[in-house]
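Just to be clear, the model below is a prediction. Sequence and coordinates:
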Amino acid sequence: MARSLISALKRLMSMQRWNFLPRIETWTEAENAAYVAHLGYAIAKEMNKDDQFVNHLILRALLQSFTKFEISDIPRHTIESLERIPVEDNKKGTNYYEILRDDAARKIAPLFPRPIGGKLLPYMKAKLKLEDESTAQDIDHIFNYCKRKAALEECLTNGKIYKEAYEKREEEIRRSIKEIPHYEEYEKIAESHREYFITVRNLKYLIRWNRIKRTLESSVLAHTYVVALLAAVYSLYEERMFAPIYGPDIFKEKFHIESVLLSLFHDILESLTGDVISPVKQRINELGTSKEGRPLWDIVEDKQRKVIKETMPPKVKEDVEKKRLLDELSTEKPFSVSSFTKQCDMLALVIECILELENNPAIPEMQTTATNYLEQLKTSEWFSLRQLAQEISMEYGNI
C-alpha cells in the first residue's frame, strides 16, 4: 500500500495544471488542492460554519484531486463537453464525466487503509450525503467557488503574458463563478482579505531543499498538501481502529479536524520568514538570547505571527488562536495532536526524499534524513504511522 500511495502523491506533486496552454507560472495539483483547502476553511469560518462543516469541506478539497491520479488533469471545458453528452444508461451516472470520475475514485479507494476507504470515497466522487441536505449543498457551493477562484487567480497571472490564450478561459471561469449560489458572499470575504490569501499563495514559491539541485522540485505548499492528506487519512484510521487501545482521552471530539488544520498551518510562517532549515535556526539561537532569555528564532517567529494574524479574517484569527494553529509542532507530548501532526510532517519529508532519491540517488543529505526519520517513526506511539514507516522501509529499502 505504501508504494501505491507514494506513487499517487508523487503524481499530484508533479502534475501540472493548465497543461494545454502556455504558462509563465505553473501550479501543481497538490499546490492547488492545499490553496483551495485554505481558502475554503477561511470562507467557512467567516460564515460561522462549525468544525464538522469545515472538516467535510477540507476533506473534499484534499481528496477530490486524488481522482487525477487515474484520469489526469482534464481541462474544464472538456469536462463540460463530457457532461453535456446524453448518457444511454442512467444507472451508471447522470453524465459521462461523472461516470469517469466515479470509476477513478473506486480504483483509488484501495490506496487508503481498508477500514476507511469507503468513508473517503464520497469525497472523491463529489457525492457527499449528509442528514441535512442543505449543509451538503453549502459545502458544494463553497468548494466549487474556491476551486474556480483558485483557477481564476492562476489564469490571471498567466494571462498577463499570454493574453489571447487565457482571455476566453478567464471569461468562462468568471461566468461559472457567478452561477454558484451565494457567490457574492464568498467573493466579499476573499477580496476583503487579499493580503492574507497572498501570504498563503506565497508558500507556492518557496522551494524546499533549495540548496540541493533536484530533479523533482517541491514547494512548501505542495508539502503542506501531503502533510494535511496524511493527517486527514491516518487520524480517521487511528480513531476507527485503535481508539479503544489508546484510552478514552486520546481521541476527543476534535482530534481529527485539529490535526488537519494544524497540518494546513504548520509552515505558513515560512511565507514570511522563508524556509530556513533547522541547522540554521539552531545556529541563530546559539548566537545569543534576548534580554528575557528567549531564543532568537522564537522572537523572529513571534514577530511574523503578529504580522500574519493582522491580515487574517477575524473568525480565522479567533480559531487560529483558540486551536494554537501557529504553534511549533512537537513530539514532546505523546498522543497529542501536535505529536501526531509532527510525525505526519516527518513522513511527508521522507516521501519527498524517496521521490527525489529514485531519480537522483547521490544526495547524501536526503538519504541520511530519510533514514533517520524512518527509524524514529518506527517507534512512534501511533500504530498507523509506525506501520506506514515500516512498510516504507520494506518497500524502499535502498534509500
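Sure, I can see it.

just for the stretch 251-399 of the chain, where's the confidence low?
Applying pLDDT under 70 to the stretch 251-399 of the chain flags residues 253, 398-399.

Same question for stretch 140-150: list its buried residues.
Neighbour-count burial for stretch 140-150, counted by 16 or more other C-beta atoms under 10 Å, picks out Asp140, His141, Ile142, Phe143, Asn144, Tyr145, Cys146, Lys147, Arg148, Lys149, Ala150. In this view, the C-beta of every residue, glycine as well, is placed from N, C-alpha and C.

Looking at those residues, spot the one nearest Ala44.
Among those, Ile142 lies closest to Ala44 (C-beta to C-beta), at 6.0 Å.

Correct me if wrong: the closest one contacts Tyr186.
Yes: counting by C-beta atoms under 8 Å, Tyr186 is a contact partner of Ile142 at 6.5 Å.

Check the contact lists of these two and give me the overlap.
Common neighbours of Ile142 and Tyr186, counting by C-beta atoms under 8 Å, 6 or more residues apart in numbering, are Ile43.

Mind checking which of the buried residues of stretch 140-150 land in helices?
Asp140, His141, Ile142, Phe143, Asn144, Tyr145, Cys146, Lys147, Arg148, Lys149, Ala150 (DSSP state H).

who touches the second one in this structure?
Spelled out, that is His141. Ile180, Pro181, His182, Tyr183, Tyr186.

change it to 10 Å
With contact set as C-beta atoms under 10 Å, 6 or more residues apart in numbering, His141 has these partners: Ile43, Ile180, Pro181, His182, Tyr183, Glu185, Tyr186.

just the buried members of those residues?
Buried among those (16+ other C-beta under 10 Å): Ile43, Ile180, Tyr183, Tyr186.

Quick check: nearest residue in space to the last one, chain neighbours excluded?
Ranked by C-beta to C-beta, 6 or more residues apart in numbering and with sequence neighbours excluded, the top spatial neighbour of Tyr186 is Tyr145, at 4.5 Å.

Tell me, what's the model's pLDDT at that neighbour?
At Tyr145, the model reports a pLDDT of 97.

re earlier: for the ones in helices among the buried residues of stretch 140-150, give me JSON lines that also has distance to His266.
Shown next, in JSON lines, are these (distance: C-beta to C-beta, whole Å):
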{"residue": "Asp140", "distance to His266": "28"}
{"residue": "His141", "distance to His266": "28"}
{"residue": "Ile142", "distance to His266": "23"}
{"residue": "Phe143", "distance to His266": "23"}
{"residue": "Asn144", "distance to His266": "27"}
{"residue": "Tyr145", "distance to His266": "25"}
{"residue": "Cys146", "distance to His266": "21"}
{"residue": "Lys147", "distance to His266": "23"}
{"residue": "Arg148", "distance to His266": "27"}
{"residue": "Lys149", "distance to His266": "24"}
{"residue": "Ala150", "distance to His266": "21"}
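
ok, back up a step: select from the buried ones among the contacts of His141 every entry located in helices.
Those of the buried ones among the contacts of His141 mapping onto helices are Ile43, Tyr183, Tyr186, per DSSP H.

Closest to Leu130 out of those residues?
Among those, Ile43 lies closest to Leu130 (C-beta to C-beta), at 18.5 Å.

who's in contact with that closest one?
The neighbours of Ile43, taking C-beta under 10 Å, 6+ apart as the test, are 49, 54, 57, 141-143, 145-146, 149, 185-190, 193, 313, 315-316.

Recalculate using a threshold of 8 Å.
Ile43 neighbours (C-beta under 8 Å, 6+ apart): Ile142, Tyr145, Cys146, Tyr186, Ile189, Ala190.

domains of the chain?
Domain assignment of the chain by automatic domain parsing yields the ranges 2-195, 206-266+329-399, 273-324.

okay, now the closest residue to Tyr96 other than its chain neighbours: neighbour count?
Excluding the flanking residues, the one nearest Tyr96 by C-beta to C-beta, 6+ apart is Leu82, at 4.5 Å. Burial of Leu82 is recorded as 15 neighbouring residues (other C-beta atoms under 10 Å).

Just list what the host helix or strand of Leu82 packs against, helices and strands only.
Here Leu82 sits within helix 76-84, counting by DSSP states H and E. For helix 76-84, the packing partners by 3 or more C-beta pairs under 8 Å, 6 or more residues apart in numbering; DSSP states H and E come out as helix 96-108, helix 163-178.

Single out the most deeply packed of the ones you listed.
Comparing the helices and strands packed on helix 76-84 by mean neighbour count (mean count of other C-beta atoms under 10 Å), helix 96-108 comes out on top with a mean of 18.

Please point out which parts of the helix holding Leu82 sit buried.
Ile79.

quick one, strands of the stretch 251-399 of the chain?
Assigned by DSSP state E, counting those that start in this stretch, the stretch 251-399 of the chain shows no strands.
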